[in-house]
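Asker: Next input, structure requested:
(one chain, ligands or ions: 1)
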Amino acid sequence: MEETPVHYLLRLHPDQEGDQKAVRAKLGKFGLQDEPTNHLDMQTIDALADALDGFKGGVVLVSHDSRLISRVCQDEEKSEIWVVKDGTVTFFQGTFEEYKEELKREIKAENHMASYSANTKREKKVFDTEDDVAKAMAEYTFNLSKKFCKKRGYFTIVLSGGDLVLWLKKLLVPEYADTEWSKWHVFWVDERVVPLDDKDSNYKQTLDSFLSEVPIPTSNIYAIDQNCAALGDAKGAAILYEECIKRLVNQNIIRTYKSSGFPQFDLQLLGMGPDGHMASLFPGHYQIKEKASLVTYITNSPKLPPKRITFTLPVINCASYNLMAVCGEAQADAVAKVFNDDFNLPSARLSADTQAIWYLDKAAASHFFVSMASSSSFLRSILFSSPTNFPSRSDSLSSFFPKNLTCSPPSTPSPLLSVSSIGSRSIRRVGDSRRKLSEARSMATTASQTGKEENKKRVEIFDTEENLAIDLAKYTADLSDKFCKERGAFTVVVSGGSLIKSLRKLVEVDSIDWSRWHFFWVDERVVPKHHEDSNYKLAYDNFLSKVPIPPGNVYAINDSLSAEAAADDYETCLKHLVKTNVLRVSDSTGFPKFDLMLLGMGPDGHVASLFPGHGLCNESKKWVASITDSPKPPSERITFTFPVINSSAHVALVVCGSGKAEPVQMALNKTGSVPAGSVSAEEELVWFLDKPASSKL
Ligand SMILES: O=C1O[C@H](COP(=O)(O)O)[C@@H](O)[C@H](O)[C@H]1O
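Answerer: Numbering: from 1, shown residues only. Below is the predicted model of the structure:
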């Protein structure tokens, strides 16, 4: 930061050297604002933001004031974020909101790092031979698998490459025949970015020597993205592996570490190189300091092949159990350094939530004994401790989901309705006396409301709820067909409540390509997923368990977080899906544009968790917000905001029963203000009403 902005511009435009006026003329008006909000009150900060917004020239704003920065950097076209840190200025690729998110994650990770480094305790077990090490690790793994499968119906295990791959064979003995392989979910702590059939691929090595021998479902084996692997795209592979992990966290297949939001695997089996590297974290490489990402990449690995992806240290150390196996004298020096707390070696930083145990053979432990020989009591305490102690202390399992709450592919739906691709306007009439109120009719009493929103609104009234459910199924199936054809995906959002029952006919439609569905919730109660109040459970029991939507496409709330953190987490998940093009963004609002939102309405006219008179109805920035004072229990919830709901391509508002006739009338005839009256859609809003619900129209 030696240069002034004007000098900087002069450097960029050397032709104007020495003539600051000319630079200004060339670039238009130019202003430098250094911490302009010091001592200003809120109103004045807003006034300053207005002034900067209206300023026609360029402005370099140096500030710590997030309110001001948020205001002046709203328009991505007109502004750039540069971060001043550690004596350098770096361009930040993203919006200010994204920068804030990154900071939050860094802070979380830092807090977490601080807590684990304070609490690093290495245990060690030394065995006569490498074979003994392998057998002991197999026994430990078997016991943990049994424990986790029993407690939560899953076992998430992270493997590494190297010799470990051979040791896994020890699990293939009759003693361990009752291993519940179908419940295993297998990951790699690091991977070489080479084609998956390359001899250097950790995946291929594990497949050949172990995975091909055990009945772990292929869908539970998480290799790196094969296209990135084939193309040698390390960055892409890291991004996609991180996405994959986040999806599994959302589905509760992977737990999260306390409130940090970091994934917590049940067991990791690790190895160390002679230089002290673990995973693909090498001494002196900056990746060891990575705190924000879950997965990072390198293109200059000192050990070949050069391109690799790797879990970051916070992820590695969040695991419940870490077993580090090291055999052979080549590693003995590094082992000694680790146990002397030489943190230049990445492996010295290994920790775990419950236990981090080093499994050493005598050769690997040989220098360690020499270097520690001065402490004979210490020596006695570590020498040949019982090699296969199974951990007795209870671990920190925070969540236990019965098997029936997982998103495993269900049985094939029974064909009942077969819906061909027809426009939503030509849906087959179901009830003889079904009335269709056009927008003109429903608005008869509000002739002045001829706005754009009203033109996109349709009201359908059905004799019975049964007829409504049939029509809703066809409407949804048609849209599914249209979007799957147009863009290869269909993003669907549901509410909780009575709506779910009205989706019962949808599971019978045999023409739907469920594999392309991406399934979200417009609101969720902050309760465990197996709780009776959970909107996830409601949808799972009545819908998701009956259709083969891929579990990775079901985006449930992270129920181990507080309401606020869960809302942030869900919003982050949506932002990632936008980046990966699963989710579109509305051109006009910049908010995510879901293909279809299926909403219910409460008797007070609330939609999602947006209640009458609640300030959250006016939220204009957030995508997902938290509420801790919901008038309808449970009080803690997360909800999509109106800008998100109203940016949807299609919204179906499904309301049944006379108890809701009044708010229906208030919303449609605009005779009162209820949240449901504020719902709109970018392409079409359809109200699906049964007769009783429409009785006051
Ligand atoms: O609490 C909620 O209520 C509404 C309406 O539920 P309903 O049973 O009266 O239809 C629902 O749409 C929302 O998702 C839910 O969390």
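Asker: what's the neighbour count on the residue lying closest to residue 499 once chain neighbours are set aside?
Answerer: Nearest residue to residue 499, sequence neighbours excluded (C-beta to C-beta, 6 or more residues apart in numbering): residue 600, at 3.7 Å. C-betas here are computed from N, CA, C, even on glycine. Residues lying near residue 600 (other C-beta atoms under 10 Å) number 24.
Asker: so residue 600 makes contact with residue 651?
Answerer: No - the criterion here is C-beta atoms under 8 Å, and residue 600 misses it with residue 651 at 11.7 Å.
Asker: Flag every buried residue along stretch 495-515.
Answerer: For stretch 495-515, a neighbour-count test (16 or more other C-beta atoms under 10 Å) marks 495-500, 502-509, 512, 514 as buried.
Asker: out of those, who's nearest residue 581?
Answerer: residue 514 (19.8 Å; C-beta to C-beta).
Asker: with the buried residues of stretch 495-515 in mind, which one is nearest to residue 222?
Answerer: Using C-beta to C-beta, the buried residues of stretch 495-515 come closest to residue 222 at residue 514, 21.3 Å.
Asker: Just read off the phi/psi values of the closest one.
Answerer: Dihedral pair for residue 514: phi -60, psi -20, per degrees, to the nearest 10.
Asker: what about the residue in the chain positioned nearest to the ligand, distance to residue 176?
Answerer: In the chain, the residue that lies nearest the ligand is residue 497 (2.3 Å; C-beta to the nearest ligand atom). Distance of residue 497 to residue 176, computed by C-beta to C-beta, to the nearest Å: 47 Å.
Asker: what does this structure have sitting close to the ligand?
Answerer: Counting by C-beta under 6 Å from any ligand atom, the chain comes close to the ligand at 495, 496, 497, 498, 499, 523, 535, 600, 602, 608, 609, 632.
Asker: Wait, a strand at the fourth one?
Answerer: No - membership of residue 498 in a strand is not supported by DSSP: H, G, I helix; E, B strand; the rest coil, which gives helix.
Asker: looking at this, residue 268 is in a strand?
Answerer: Yes - counting by three-state DSSP, residue 268 is part of a strand.
Asker: and residue 541, how many neighbours does it have?
Answerer: Residues near residue 541, counting by other C-beta under 10 Å, number 14.
Asker: ok, and it, which helix or strand is that part of?
Answerer: helix 535-542 (DSSP states H and E).
Asker: And residue 35, what's its pLDDT?
Answerer: We have a pLDDT of 80 for residue 35.
Asker: can I assume it is in contact with residue 61?
Answerer: No - Residue 35 lies out of contact with residue 61 (C-beta under 8 Å); the separation is 9.2 Å.
Asker: could you measure residue 40 against residue 51, distance?
Answerer: Separation of residue 40 from residue 51 (C-beta to C-beta): 12 Å.
Asker: picking up where we left off before, turn the residues of the chain next to the ligand into TSV, columns for distance to residue 288 and pLDDT.
Answerer: Formatted as TSV, the residues of the chain next to the ligand follow (distance: C-beta to C-beta, whole Å; pLDDT from 0 to 100):
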residue	distance to residue 288	pLDDT
495	45	98
496	44	97
497	48	96
498	52	97
499	49	97
523	40	98
535	41	96
600	49	98
602	51	97
608	43	98
609	42	98
632	48	96
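Asker: between those residues, which is closest to residue 546?
Answerer: Nearest to residue 546 out of the residues of the chain next to the ligand is residue 499 (C-beta to C-beta; 15.7 Å).
Asker: who's in contact with that closest one?
Answerer: 598, 599, 600, 654 (C-beta atoms under 8 Å, 6 or more residues apart in numbering).
Asker: in its sheet, what does the host helix or strand of residue 123 sit against?
Answerer: Using DSSP H and E, residue 123 falls within strand 122-127. The pairing partners recorded for strand 122-127 under DSSP bridges are strand 355-361 (parallel).
Asker: Tell me the gap between the partner strand and the middle of its chain.
Answerer: Relative to the chain's own centre, strand 355-361 is displaced by 32 Å; criterion: C-alpha atoms, centre = their mean, to the nearest Å.
Asker: Likewise for stretch 230-237?
Answerer: The answer for stretch 230-237 is 21 Å, by C-alpha atoms, centre = their mean.
Asker: For it, what is the spacing between the initial and final residues?
Answerer: End-to-end span of stretch 230-237 (C-alpha to C-alpha, to the nearest Å): 10 Å.
Asker: for stretch 226-236, same thing?
Answerer: Start-to-end span of stretch 226-236 (C-alpha to C-alpha) is 11 Å.
Asker: Show me what that stretch is in contact with.
Answerer: 191, 193-196, 201, 223, 225, 237, 240, 297-299, 307-309.
Asker: would you say residue 165 is within a strand?
Answerer: No - counting by three-state DSSP, residue 165 is not found in a strand; it is helix.
Asker: per-residue confidence at it?
Answerer: 83.
Asker: Could you find the closest non-adjacent residue to it?
Answerer: Residue 165 sits nearest to residue 205 (C-beta to C-beta, 6+ apart), 4.7 Å away.
Asker: For that neighbour, grab phi and psi.
Answerer: phi -60, psi -40.
Asker: so who does it touch?
Answerer: Residue 205 is in contact with 161, 165, 199, counting by C-beta under 8 Å, 6+ apart.
Asker: just residue 331 next, same as before
Answerer: 272, 273, 274, 364.
Asker: again, only using 7 Å
Answerer: Residue 331 sits next to 272, 274, 364 when contact means C-beta atoms under 7 Å, 6 or more residues apart in numbering.
Asker: repeat for residue 90
Answerer: Contact partners of residue 90, counting by C-beta under 7 Å, 6+ apart, are 82, 83.
Asker: Alright, I will stop here.
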